Structure formats: C-alpha cells, structure tokens
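Colleague: build me a model:
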Amino acid sequence: MGVATVDEQALRGFVREQTELASVPFVPEVRLHQAASAIALWEHTEETKGQADLPPPFWGFAWAGGQAVARYVLDHPEVVAGRRVLDLAAGSGLVAVAAALRGAAEVTAAEIDAYAVAAIALNAEANGVELDAVLADLLGGDGAPAEVVLAGDVFYERAMAERVLPFLNRARARGALVLVGDPGRAYLPRGAFTEAAVYQVPTAADLEDSKVKTTTVWRLDG
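Modeller: Model prediction:
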C-alpha cells in the first residue's frame with residue numbers, strides 16, 4: 001500500500017485515537033479498529049474538521065451488511081480465491097479484509113471518506129493482509145477489472161440506492177459476480193436479487209433498532 005504521506009499519517013493517528021482494535025463478534029477471524037459510540041465519534045470528527053455536515057463515520061463500526069458479506073466470504077472462499085475483488089463503499093474494510101484472508105488475487109477497497117481509507121489501511125495491517133485502499137467515487141463506472149464486486153449495506157437511503165444499483169448492474173453485465181449484504185433496508189430492490197444466505201447478525205445498540213439484525217447476502221441476477 002506504499003508509504004503514508006503526512007496527511008495520511010494524521011488521519012491514521014485520528015483513527016487510532018478514536019477506536020480500539022478488537023475482533024468482530026460475528027466475524028471473529030477479523031480484527032477492526034472500532035469506536036465505542038457512533039454519536040461521539042461523529043461529533044468528534046465534525047469538531048476536528050470544523051464541519052457540521054459530515055456523513056456518518058461508517059468506518060468506525062462493523063455494520064450488519066458488511067458482517068454478513070464477510071461471513072459469507074470466509075465460509076465460501078471459492079467466491080474470491082484467485083480473483084480480483086472490489087469492496088464498494090468499504091467503510092472499515094471488513095469485507096475487503098475477509099476477501100484478502102481467503103486468497104483473493106487482488107483486493108481494492110473503495111471509499112469517498114479519507115478517514116475510512118485510513119481506517120481500511122490500519123485494519124489491513126492489523127490482519128496481516130495486503131489490499132489497495134482508494135479514495136474514489138467509482139459509481140460512474142462498472143467496477144472493472146474486478147471479477148467480484150462486494151458491498152455491505154449500500155441501500156440505506158434513496159439517493160445512494162439510485163446510484164449504486166446502476167453501478168452494480170453494469171458490473172454484473174460485464175460478467176462480475178455481485179454480492180450485497182443487507183439487513184432489511186428500505187431501498188433494496190429485492191426483485192433484482194437472489195438470496196445466497198441469511199444470518200442473525202449482532203449489532204451495536206446505537207447503530208440499529210435491535211441488538212440482532214436478520215441480514216441477507218444477496219446475489220445480483222443477470
């Protein structure tokens with residue numbers, strides 16, 4: 001992943017200060033830098049940047065959708081082994097780390113939040129895997145050259161869903177396997193997908209409306 005610049009080092013320092021490295025309950029094979037409180041982390045990030053309209057710090061937590069996809073990948077290594085993998089809207093990089101642990105030839109974790117990219121780099125290091133954490137909005141393309149496109153919990157709001165689904169359809173149309181983890185979000189177009197697995201995923205109290213979320217891994221149909 002190369003040598004971190006001064007700015008990247010500062011971002012990684014912030015991530016370290018605001019989180020603790022711990023195993024993910026539903027995916028104990030993976031350790032992540034995780035925050036204790038979503039609200040506190042969000043407020044502190046806004047204070048640090050001097051902005052009051054920042055997106056939620058998705059990078060500080062193991063969200064249900066990502067946990068489900070990571071669990072599926074770890075239990076079904078043939079999905080990623082020897083293949084080029086893209087973790088879209090990667091957050092903490094949990095899914096990307098799982099793919100790397102199961103022998104993916106190349107793993108790219110894409111995010112539009114610089115803090116997330118820093119967290120992904122740290123989480124990869126903590127798990128002893130190599131991957132490429134990139135700060136980029138890829139939704140105008142088709143995810144090439146990835147042969148597998150993975151996404152955890154990307155249908156949480158209408159605007160995001162309206163951009164993500166066309167991207168995933170383009171990736172599928174060029175032959176990529178597309179898997180999405182979703183804990184019952186309102187904007188998931190279920191008719192476009194086939195169920196691959198269902199899990200009962202434990203969640204943090206201040207992230208969801210229940211301590212356990214029924215979370216499905218969906219395969220995008222052709």
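
Colleague: C-alpha from now on. contacts and neighbour counts both.
Modeller: OK.

Colleague: please tell me I have it right and Ala126 contacts Arg31.
Modeller: Yes. Counting by CA atoms under 8 Å, Ala126 does reach Arg31; the two are 6.8 Å apart.

Colleague: relative to Ala173, how far out is Tyr156?
Modeller: 24 Å (CA to CA, to the nearest Å).

Colleague: and if you look at Glu130?
Modeller: Glu130 is 28 Å from Ala173, by CA to CA.

Colleague: between these two, which has more neighbouring residues?
Modeller: Each of Glu130 and Ala173 has its neighbours counted (other CA atoms under 10 Å); Glu130 has more, 17 against 13.

Colleague: so for Ala126 and Arg31, which sits in the more crowded spot?
Modeller: Per other CA under 10 Å, whichever of Ala126 and Arg31 has more neighbours is Arg31, with 19 against 16.

Colleague: so that one sits in a strand?
Modeller: Yes. Per DSSP: H, G, I helix; E, B strand; the rest coil, Arg31 lies within a strand segment.

Colleague: what's the first-to-last distance across stretch 176-185?
Modeller: 24 Å.

Colleague: for the residue most central in space within the chain, which residues are in contact?
Modeller: Central residue of the chain (CA atoms, centre = their mean): Ala90, 2.9 Å from the mean position. Applying CA atoms under 8 Å, 6 or more residues apart in numbering, we find Ala90 in contact with Trp59, Ala96, Ala109, Ala110, Glu111, Ala116, Ala151, Gly152.

Colleague: want to throw those into a markdown table with pLDDT?
Modeller: Putting these into a markdown table (pLDDT from 0 to 100) gives the following:
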| residue | pLDDT |
| --- | --- |
| Trp59 | 90 |
| Ala96 | 98 |
| Ala109 | 98 |
| Ala110 | 98 |
| Glu111 | 97 |
| Ala116 | 95 |
| Ala151 | 98 |
| Gly152 | 95 |
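
Colleague: among these, which are in helices?
Modeller: Ala96, Ala116 (DSSP state H).

Colleague: by neighbour count, which of the contacts of Ala90 wins?
Modeller: Counting by other CA under 10 Å, top hit in the contacts of Ala90: Ala96 with 36 neighbours.

Colleague: ok, that residue touching Arg84?
Modeller: No. The criterion here is CA under 8 Å, and Ala96 misses it with Arg84 at 10.9 Å.

Colleague: now do the shared contacts for those two.
Modeller: With contacts taken as CA under 8 Å, 6+ apart, Ala96 and Arg84 have Val107 as neighbours in common.
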